[in-house]
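Undergrad: pasting the sequence and the predicted coordinates here, then a few questions.
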Amino acid sequence: MVFAHDTEAALLSAVELVNSAVEPDTLTEIAQLDEFFVRHDYTGAHRSDAAELSEVRALRGPLRRLLTSDRDTAVTLVNEILREHRAVPQLVRHGSVDYHVHAVPAEAALPVRIAVETAMAMIDVIRADDLSRLSICADDDCEGLVLDLSRNRSKRYCSTTCGNRNAVAAYRARQR
């Protein structure tokens with residue numbers, strides 16, 4: 001299944017946000033939140049203050065639960081998020097990005113935008129019955145999430161670091 005650009009972008013953002021809670025915590029400063037905002041091409045409100053950082057950090061647990069849930073639980077969580085934030089999907093175009101779906105107004109707080117965009121992306125994943133695209137890192141010592149958008153569904157590790165660590169361990173095991 002090939003997802004729309006906005007679905008992939010929202011999933012990549014959500015996975016990065018959730019994985020920022022895995023040690024070492026990589027979202028502890030406002031500057032890191034600012035970089036996250038720019039890296040994932042968010043638009044709309046961004047206060048760039050300690051309160052917003054705290055609110056975004058608080059999303060990591062609920063988003064992890066959503067992204068690792070079974071299909072029926074994910075449906076319940078998506079519906080709760082959309083209902084809570086009164087999401088109204090609309091087609092928008094801005095910058096170099098062609099028409100895509102936003103479901104909150106531009107003035108919505110960044111944590112609301114992240115939650116709703118993740119829920120909207122999960123609608124596509126659930127409808128395609130493709131939750132297998134989301135998994136936990138295959139590294140026994142890692143709890144990071146993996147978003148596998150590869151054609152052959154071969155991605156097993158959340159990062160190059162985890163993949164390399166396991167490749168080296170496998171190589172050393174073969175040499176014994």
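TA: Sure, I can see it.

Undergrad: residue 29 versus residue 51, what's the distance?
TA: The span separating residue 51 from residue 29 equals 14 Å under the rule C-beta to C-beta, to the nearest Å. Placement of C-beta: from N, CA and C, glycine included.

Undergrad: cool, and residue 71?
TA: Computed with C-beta to C-beta, the distance linking residue 71 and residue 29 is 36 Å.

Undergrad: poorly predicted segments of the chain, please.
TA: Under the criterion pLDDT under 70, the flagged ranges of the chain are 1.

Undergrad: swap in 90 and give it another go.
TA: Counting by pLDDT under 90, the ranges of the chain that qualify are 1-2, 43-44, 94-97, 106, 151-154, 159-160, 162-163, 165-176.

Undergrad: would you map the strands across it?
TA: Shown for the chain, the strands assigned by DSSP state E span residues 90-94, 97-102, 134-136, 145-147.

Undergrad: helices or strands up against the first one?
TA: Secondary structure elements in contact with strand 90-94, counted by 3 or more C-beta pairs under 8 Å, 6 or more residues apart in numbering; DSSP states H and E, are strand 97-102.

Undergrad: may I have the strands that pair with the strand it packs on, each with its orientation?
TA: When pairs are called by DSSP bridges, strand 97-102 turns out to pair with strand 90-94 (antiparallel).

Undergrad: circling back to that earlier point, quick one, which of the strands of the chain gets closest to residue 22.
TA: Nearest to residue 22 among the strands of the chain is strand 145-147; the distance by C-beta to C-beta comes to 8.6 Å.

Undergrad: what lies in contact with that closest one?
TA: Contact with strand 145-147 is made by 11-12, 15, 18-19, 64, 67-68, 133-138, 155-158, as judged by C-beta atoms under 8 Å, 6 or more residues apart in numbering.

Undergrad: quick one: that strand to chain centroid distance?
TA: 8 Å (C-alpha atoms, centre = their mean, to the nearest Å).

Undergrad: wait, residue 158 sits on residue 148?
TA: No - judged on C-beta atoms under 8 Å, residue 158 makes no contact with residue 148 at a distance of 10.4 Å.

Undergrad: comparing those two, which residue is more hemmed in?
TA: residue 158 (24 against 15; other C-beta atoms under 10 Å).
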